[in-house]
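Enquirer: Quick check, what structure comes out for this input:
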Amino acid sequence: MHHRAISTGLLHTSAIVAIAATLGSSPLLAQSKVLTPPPPRRDTTRAQVTRPSAPGTSTAAATPGAPAPAVIPQSPVLDSIREVVFHNLLDKDRAGFSTLASAFCLGLSTDDFKKASKSQDRSDPSEGMVRRLTTPRTPARRASTCTFTPNAPGRSVAGRALLYTVGAIDLSAGDRAEAAAGYNYDGYSSGGYTFSVERSDSGWVVKQWRMEWTSKSGSP
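Expert: Numbering: from 1, shown residues only. Below is the predicted model of the structure:
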């Protein structure tokens, strides 16, 4: 009897070991290992956060390839000179394209416009200045709201955006100043000016101007 009990016990032990081995190799347990969730990945969204643009910075300027906003000196006197120069450019049609232009775009820069330059570093004048310069004949806009495209053979002369930019201003003479300005008729023609202005009882006025240079990209 004692020998049969030992044999029966060994039989039960062997059966338990066999069942455990079978369960360990079952597809269900193997599948449970596949379904084990991987460890959480490191959060990389912080590197993709875009900071909001500073007040007065245009969206176009933040776009890759677009002109960067220039750091423009600010003062009521400088803005008064800029406004009178813009008014002269628009009212007198110094570039000669007002009857062809589809848009009149205004910008500010620090360029002296003494010679042709490929720099497009500019900023926008204030909304108030643009509104004061707008007329039915010349509906002015900020430069950042205008679309400029490269000149190309076969492209019509008419219907392009006319960009006027007021650049560096020299106030060293007190009640007199010199202001640089330039125009670009959307790649077809461009030029630079120097304006001499004086302070009067009614404000700044243009006394004279001269063309520094002019360039044409070729026949359309």
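Enquirer: residues near residue 189, how many?
Expert: By other CB atoms under 10 Å, the residues close to residue 189 number 20. Using the backbone N, CA and C atoms, a C-beta is placed for each residue, glycine as well.
Enquirer: Same question for residue 159.
Expert: Neighbours around residue 159, by other CB under 10 Å: 11.
Enquirer: helices or strands next to the longest strand seen in the chain in the packing?
Expert: Identified as the longest strand of the chain according to DSSP state E is strand 203-216. In terms of contacts (3 or more CB pairs under 8 Å, 6 or more residues apart in numbering; DSSP states H and E), strand 203-216 is packed against helix 76-92, strand 189-200.
Enquirer: possible to save the ones you listed as JSON lines with mean pLDDT and distance to residue 154?
Expert: JSON lines is the format used below for those (pLDDT from 0 to 100; distance: least, CB to CB, whole Å):
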{"stretch": "helix 76-92", "mean pLDDT": "98", "distance to residue 154": "29"}
{"stretch": "strand 189-200", "mean pLDDT": "97", "distance to residue 154": "17"}
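Enquirer: would you list the ones you listed in a markdown table and tack on distance to residue 141?
Expert: Compiled in a markdown table, the helices and strands packed on strand 203-216 are given as follows (distance: least, CB to CB, whole Å):
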| stretch | distance to residue 141 |
| --- | --- |
| helix 76-92 | 12 |
| strand 189-200 | 19 |
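Enquirer: Give me the below-cutoff pLDDT ranges for the protein.
Expert: Applying pLDDT under 70 to the chain picks out residues 1-69, 218-220.
Enquirer: got the residue ranges for the helices in the protein?
Expert: For the chain, the helices defined by DSSP state H cover 2-24, 27-34, 59-62, 76-92, 127-133.
Enquirer: Of all the helices and strands packed on strand 203-216, which one is nearest residue 113?
Expert: Among the helices and strands packed on strand 203-216, strand 189-200 comes nearest to residue 113, with 3.3 Å by CB to CB.
Enquirer: Output the contacting helices and strands for the closest one.
Expert: Secondary-structure packing of strand 189-200 (3+ CB pairs under 8 Å, 6+ apart): helix 76-92, strand 176-185, strand 203-216.
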